[in-house]
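> Any chance you could fold what I've pasted below:
(one chain, ligands or ions: 1)
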Amino acid sequence: EENPLKRAVRKVSDTLQGMAGPEEGIPGKPGPQSPPVAEPTEPRDPLPPKPDQSGPATMSPTGHPTGADQADVAQSGSRLTTAQGARLYDTDHSLKAGPRGPVLLQDHHLREKVMHFDHERIPERVVHARGAAAHGVFQSYGTAATVTRAAFLAPDAETPVFVRFSTVLGSRGSSDTVRDTRGFATKFYTTEGVFDLVGNNIPVFFVQDAIKFPDIVHAGKPHPDREIPQAQSAHDTFWDFVSLHTEATHHTLWNMSDRGIPRSYRTMEGFGVHTFRLVDAEGGTTLVKFHWKPKLGVHSLVWEEAQIINGVDPDFHRRDLADAIEAGAYPQWELGIQTFPDTPDQTFEGIDLLDPTNLVPEELAPVQPVGLLTLNRNPSNFFAETEQVAFHVGHLVPGIDVTDDPLLAGRLFSYLDTQITRLGGPNFPQLPINRPHAPVNDMLRDGMHQTAVHRGVAPYRPNSLDGGCPFTAGADMGAYVETPVRVPEATKVRAAPESFADHFSQPRRFWLSMTPVEREHIIAAYTFELGKCYEQAVKERTLQVLANIDPVLCSEVAAGLGLPAPEPTVPLVDVEPSPALSQVGQTWPVDGRIVGIVAGPDGDLEGVRAVREAVLAADMVPLVIAPAGGKLGSGEEALTVQRTYATARSVEFDALLVAGVPGAGADAYGARDAKAGFGVGAPGVTDPRVGLLLSEAFRHGKAIGAWQGAEAVLEAAGVPADAPGVVLAGSGTDTLRQVVGLLGAHRVWERFPAAVQG
Ligand code: HDD
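Below you'll find the predicted structure:
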């Protein structure tokens, strides 16, 4: 019996295969070889949603009406109508006084159609505008039940979820693989109401107080005069602010690390950032930090790869998430918690838990798994779900409470407030994607875009006219009761606590926890970003900040900028590294990895077929790359081509294999023989696109393999056969076996010249 994941990967591969031809294609989707499809002449009902595309239940589990049923809001009927349901006979021509005459004002259909179109856009999110989302389920292990009474964390609880990932700075249409923080927002539709965990892929934040949020965002967004650059921090205003406002140092360092350019949403960690307070059934409290740990490990792109992807496939992360789910290779994360005693000082091992620029090393407080998140359903409508979903850190359930983190306090205001502009009024909780799956009886009435038809006459308390309904509940009936935390006697001030003043020891810990190759990437990132700045003072001030993290970091970046390295202005603290912060050095599952198989028309088709099967068997995705689209070989055995030399670019693949050519000796064929299929264009020259494919993959530390003499192609691409991570074997499957071994480490790290030693 094939395991579900293998089945799933096989399905995606078959689907991709189908992209080239109608026979195996997606039903109804013409392939390039099929005859053009004529316009249908017979009406039919709208297509039902695919099984994996139905929206979330809009009724509570108890059947309580929480709004209109999905069926009421979907389009129905087979004939085109106006918004009012009147059937139309023509929607292609305006009503005119004669075919060449003026258009008449009385054309109500024209006016309705254009009026609606004129208002199709809503304001994009002021931050996190670019995103992608998916439905899923959260299965509780029950391990958190000792510290929280939250029903969705009880043993065996299963909760529907909707998760939206995002970049922070870019507009809605910006590229996915920019250097930026990523949002990781989860809506749990629990039986006790909605709980939103609105986190990021970086565990610390730029500012300690929400009053500084507009400042960091204004600095990070494009310059107000020319509105450039889009979706990135490589410009003067960003570096101006973070070099002056040194509490941003820790988050900025994470951004400049590989965390700023994730390989996939599926390979990102998520963090709740703030410290929250859990409350158990007896009222006992525990301070907590939330973590999402991806099952596939934490992996990143390399910078050049990220830049190329921005042009080649700006939807790289969005596509990756949707494809994986469509294939059934469901992304998974474990939710984990770090717990700390709820002491009056709210510190742990000297770390102020209310300072959101701090993390607590996992070596000091291990992350304890409490449940499993599986994303298993793509949204059926981007606007209705991904765009209209509204997260809010104040969407809390009994058993989870907030702390006095001043950043969190401001967020508790902002997330409701922003929806008034973005979603046009206070009734956004009625949008299908935002509706709780618990009964709602809220006494909130009327307002813009009200869709509920409320019953009763007395939406006020106390009342007698509606029989006193609705009644309040006690804590024993699941009411949300704020934890009676003692507030220390204090004087009203605009000030931060003394403990918030250390801006450098945590960044230094992060730097010291990195492997040499990760440090090299950080140095390169600072050098790139500051190199994009024009203001000398901004660069010099940033170097001063770097000197306060580490002299090596500072001097390397200074050398790249051609500037002197300053001395630190604070004593460098002797901090213990936290190995858990590094992404390098372990072996991870290879599920869902993309393996490109470069094949020429005269290549070892038998070998390619065997490799394709073996890639699938290893739960990865094989893509056959050939000079042209269509089929390789003929008859039953013909292989479908998924990528051509024109459409393939190395950045899409985690590993590349070059098919051998049977009967040809190493020196007799290949790069120098146009017949081998690698030499289109001038005979005897390797196709430059294949050369680029291989040389790029090599430069980006990807595993490369070739069999049966195809090493001549590697040689022509400038890929040394004896370099680390380059596999040459007698057969395709032998080559693949070794390449899979390399993929577990994500990249062939030995290929990066680690300029700075630990
Ligand atoms: Fe925020 C959106 C995460 C601080 C104000 N934020 C937003 C989203 C994420 C985060 C993931 C996108 C949600 C979605 O997909 O719809 N934000 C964070 C994290 C923060 C943080 C992890 C710090 C720990 N945010 C923060 C502050 C403020 C805001 C301090 C305001 C004072 N954030 C917003 C917002 C957004 C938002 C303006 C824009 C769109 C939205 O809320 O719905 O309210």
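
> Relative to the ligand, how far out is the residue lying farthest from the centre of the chain?
In the chain, counting by Cα atoms, centre = their mean, residue 98 sits farthest out from the average C-alpha position, at 53.9 Å. Residue 98 is 50 Å from the ligand, where distance means Cβ to the nearest ligand atom, to the nearest Å. (Each C-beta comes from the backbone N, C-alpha and C, glycine too.)

> just residue 474 next, same as before
32 Å.

> do residue 206 as well
Residue 206 is 8 Å from the ligand, where distance means Cβ to the nearest ligand atom.

> quick one, what contacts that residue?
Going by Cβ atoms under 8 Å, 6 or more residues apart in numbering, residue 206 touches 212, 216, 242, 247, 248, 251, 252, 357.

> Could you rerun that using 6 Å?
Residues counted as contacts of residue 206 (Cβ atoms under 6 Å, 6 or more residues apart in numbering) are 216, 248, 251.

> pLDDT weak spots in the stretch 251-400 of the chain?
By pLDDT under 70, the stretch 251-400 of the chain has no low-scoring segment.

> Could you find the closest non-adjacent residue to the closest residue to the ligand within the stretch 101-250 of the chain?
Distance from the ligand to each residue of the stretch 101-250 of the chain (Cβ to the nearest ligand atom) is smallest for residue 183, at 2.6 Å. Closest residue in space to residue 183, ignoring its immediate chain neighbours: residue 166 at 3.7 Å, by Cβ to Cβ, 6 or more residues apart in numbering.

> got it, and residue 388?
residue 431 (4.9 Å).

> Which residues of this protein lie near the ligand?
Taking Cβ under 6 Å from any ligand atom as the test, the list of the chain residues beside the ligand reads 125-128, 131, 164, 166, 183, 185, 198-200, 205, 210, 213, 273-274, 356, 389-391, 407, 410-411, 414-415, 418.

> Filter those residues down to the buried ones.
125, 127-128, 131, 164, 166, 183, 185, 198-200, 205, 210, 213, 273-274, 356, 389-391, 407, 410-411, 414-415, 418 (16 or more other Cβ atoms under 10 Å).

> Filter these down to the ones in helices?
Among those, the members found in helices (DSSP state H) are 213, 407, 410, 411, 414, 415, 418.

> and those residues, which two are the farthest apart?
407 and 418 (15.8 Å; Cβ to Cβ).

> just to revisit the earlier point, the residue nearest to residue 388 touches residue 387, doesn't it?
No - counting by Cβ atoms under 6 Å, residue 431 sits too far from residue 387 to count as a contact (10.0 Å).

> that older thread, quick one: contacts for the residue of the stretch 101-250 of the chain closest to the ligand?
Per Cβ under 6 Å, 6+ apart, neighbours of residue 183: 128, 166, 200.

> Need the pLDDT of the second one.
The score at residue 166 is 98. That number is its pLDDT.

> Return the distance of it relative to residue 318.
Distance, residue 166 to residue 318, using Cβ to Cβ, to the nearest Å: 10 Å.

> now the helices for the stretch 601-750 of the chain?
Listed in chain order, the helices of the stretch 601-750 of the chain (DSSP state H, counting those that start in this stretch) span 605-617, 688-699, 711-716, 732-743.

> Please identify the deepest-packed of the ones you listed.
helix 711-716 (a mean of 24; mean count of other Cβ atoms under 10 Å).

> Now distance to residue 334 and mean pLDDT too, for the helices of the stretch 601-750 of the chain, in JSON lines please.
Converted to JSON lines, the helices of the stretch 601-750 of the chain look like this (distance: least, Cβ to Cβ, whole Å; pLDDT from 0 to 100):
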{"stretch": "helix 605-617", "distance to residue 334": "26", "mean pLDDT": "94"}
{"stretch": "helix 688-699", "distance to residue 334": "31", "mean pLDDT": "94"}
{"stretch": "helix 711-716", "distance to residue 334": "40", "mean pLDDT": "85"}
{"stretch": "helix 732-743", "distance to residue 334": "22", "mean pLDDT": "95"}
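
> CSV for those helices, including distance to residue 120?
What follows is those, written out as CSV (distance: least, Cβ to Cβ, whole Å):
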stretch, distance to residue 120
helix 605-617, 42
helix 688-699, 39
helix 711-716, 50
helix 732-743, 43
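
> Tell me which of the ones you listed lies nearest to residue 340.
helix 732-743 (37.4 Å).

> hmm, who's touching the closest one?
With Cβ under 6 Å, 6+ apart as the criterion, helix 732-743 contacts 590, 593, 607, 610-611, 614, 618, 655, 657, 703, 705, 707, 725, 727, 729, 748.

> Give me the subset of the residues you listed that lies in strands.
Among these, the ones falling in strands (DSSP state E) are 655, 657, 703, 705, 707, 727, 729.

> which residues touch the third one?
In this case it means residue 703. Neighbour list for residue 703: 655, 725, 739, 742, 743, 748 [criterion: Cβ under 6 Å, 6+ apart].

> Show me how far stretch 137-150 is from its chain's centre.
Distance of stretch 137-150 from its chain centroid, counting by Cα atoms, centre = their mean, to the nearest Å, is 25 Å.

> Can you give me the end-to-end span of that stretch?
16 Å (Cα to Cα, to the nearest Å).

> I'd like to know which elements whichever strand or helix holds residue 237 is packed against.
Taking DSSP states H and E as the definition, residue 237 sits inside helix 236-244. Applying 3 or more Cβ pairs under 6 Å, 6 or more residues apart in numbering; DSSP states H and E, one finds that helix 236-244 contacts helix 213-220, helix 536-547.

> Could I get the pLDDT score of residue 137?
The per-residue pLDDT of residue 137 was computed as 97.

> got it, and residue 2?
Confidence score, pLDDT, at residue 2: 56.

> Select, out of the helices of the stretch 601-750 of the chain, the one closest to residue 449.
For these, proximity to residue 449 was assessed by Cβ to Cβ; helix 605-617 is nearest, at 48.0 Å.

> how far does that closest one sit from the chain's center?
Relative to the chain's own centre, helix 605-617 is displaced by 31 Å; criterion: Cα atoms, centre = their mean.

> With stretch 109-121 instead?
That offset, for stretch 109-121, works out to 33 Å (Cα atoms, centre = their mean).

> partner residues bridging the closest residue to residue 706 other than its chain neighbours?
Leaving aside its chain neighbours, residue 706 sits nearest to residue 658 (4.0 Å; criterion: Cβ to Cβ, 6+ apart). Going by DSSP bridges, residue 658 is paired in beta bridges with residue 598, residue 706.

> Next, count neighbours for residue 658.
Number of residues near residue 658 (other Cβ atoms under 10 Å) recorded here: 33.

> Can you tell me which helix or strand of the protein has the lowest average pLDDT?
When the helices and strands of the chain are scored by mean pLDDT, DSSP states H and E, helix 70-73 comes last with a mean of 50.

> just checking, next helix/strand downstream of that one?
Counting by DSSP H and E, what follows helix 70-73 is helix 108-118.

> what comes into contact with the helix or strand where residue 333 lies?
Assessed by DSSP H and E, residue 333 sits inside strand 332-341. Residues outside strand 332-341 that contact it (Cβ under 6 Å, 6+ apart) are 286-289, 291-295, 348, 360, 365, 367-374.

> the domain parsing of this protein - what is it?
The record's domain split for the chain, according to automatic domain parsing, is 131-203+263-434, 504-581, 594-751.

> How much space separates residue 577 from residue 362?
In terms of Cβ to Cβ, residue 577 sits 12 Å off from residue 362.

> how about the helices in the stretch 401-550 of the chain?
Going by DSSP H, counting those that start in this stretch, the stretch 401-550 of the chain shows helices at 406-422, 505-513, 516-531, 536-547.

> Put together CSV for these, with mean pLDDT on each row.
What follows is those, written out as CSV (pLDDT from 0 to 100):
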stretch, mean pLDDT
helix 406-422, 97
helix 505-513, 98
helix 516-531, 97
helix 536-547, 98
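
> Report pLDDT for residue 38.
On the pLDDT scale, residue 38 is placed at 80.

> Done for today, thanks.
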